[in-house]
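1. coordinates only, sequence not included:
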C-alpha cells in the first residue's frame, strides 16, 4: 500500500510571508493594469463616437491618471478585503486578509488598509523582517495575512485559531 506524500502546504493559521504577499501583489497589479487599460479604451471609444472626424487617441495627464489609479486600486483592494478577505491575487495565491481575531476587516478598516498600502507600499516589506510576518499596515490596523487556500471564493466561515488543530474543521 502506498503512503500519501506529506503535504508541503503551510498551516492555514500561519501568517503569509513576503514572497507570497509579493506574488499576490504582482497579480493584483496586473488586474489593475488590465482594468486601467480597459477604462482607457472605453474612454477612447466614447471620444471616437462623439467626434469620429477629429478623433485622436487621448493622452492622459499624470495629474489625472495618478489619482484615478490610486482610487481604482483603493476601491479594488477595499472591496476584496471587506467582503471576502481576498483580492483576486490573494485568492489565486491562497491567502486572506483578516483581523487579529480572524474576522473580516469590515469596510472602514479595509479602506484604511488599502489607502495605507497604496500610498505607503514600502511598509509591506516590513513583513520580511517582522518575526510575526506582519507589515507596518498590519501592525497599525490590527490585521494579518494568513494562508487560506480553500476554493470557496472567500465565502467560507472563517475558522478561529483554536479550531485549526482539528483537521476536520477546515473542510
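-> Thanks, I have the structure now. These numbers come from a predicted model, not from an experiment.
2. Any stretches of this structure with poor pLDDT?
-> Within the chain, the stretches with pLDDT under 70 are 1-13, 151-171.
3. Nearest residue to the middle of it?
-> Centroid-nearest residue in the chain: residue 87, 3.6 Å away (criterion: CA atoms, centre = their mean).
4. If I follow the layout properly, it ends up in contact with residue 26?
-> No: here residue 87 does not reach residue 26: they are 11.5 Å apart, not a contact under CB atoms under 8 Å. The way it works is simple: take the backbone N, C-alpha and C, and place the C-beta from them, glycine included.
5. Mind naming the longest helix for the protein?
-> Counting by DSSP state H, the longest helix found in the chain is helix 18-50.
6. Buried ones in it, by neighbour count?
-> Buried residues in helix 18-50, counting neighbours by 16 or more other CB atoms under 10 Å, are found at 18, 20-25, 27-28, 31-32, 36.
7. now stretch 120-137
-> 123-124, 126-127, 130, 133-137.
8. Also stretch 75-94?
-> When neighbours are counted by 16+ other CB under 10 Å, the buried residues of stretch 75-94 are found to be 76-78, 80-82, 84-87, 89-91, 93-94.
9. What is the most widely separated pair among these?
-> Greatest spatial distance in these: 78 and 94, 20.8 Å, computed using CB to CB.
10. hmm, back to that, between the buried residues of stretch 120-137, which is nearest residue 51?
-> Relative to residue 51, the closest of the buried residues of stretch 120-137 is residue 124; by CB to CB it sits at 42.9 Å.
11. thought that closest one was touching residue 117?
-> Yes: the pair residue 124 and residue 117 passes the contact test of CB under 8 Å, sitting 6.4 Å apart.
12. So which of the buried residues of stretch 75-94 are in helices?
-> 76-78, 80-82, 89-91, 93.
13. sorry, back to before: can you name the two of the buried residues of stretch 120-137 that sit furthest apart?
-> Within the buried residues of stretch 120-137, two members stand farthest from each other by CB to CB: 123 and 133, at 13.6 Å.
14. Need the buried residues of stretch 120-137 in JSON lines (columns: distance to residue 101).
-> Converted to JSON lines, the buried residues of stretch 120-137 look like this (distance: CB to CB, whole Å):
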{"residue": "123", "distance to residue 101": "22"}
{"residue": "124", "distance to residue 101": "22"}
{"residue": "126", "distance to residue 101": "21"}
{"residue": "127", "distance to residue 101": "19"}
{"residue": "130", "distance to residue 101": "19"}
{"residue": "133", "distance to residue 101": "17"}
{"residue": "134", "distance to residue 101": "14"}
{"residue": "135", "distance to residue 101": "18"}
{"residue": "136", "distance to residue 101": "20"}
{"residue": "137", "distance to residue 101": "17"}
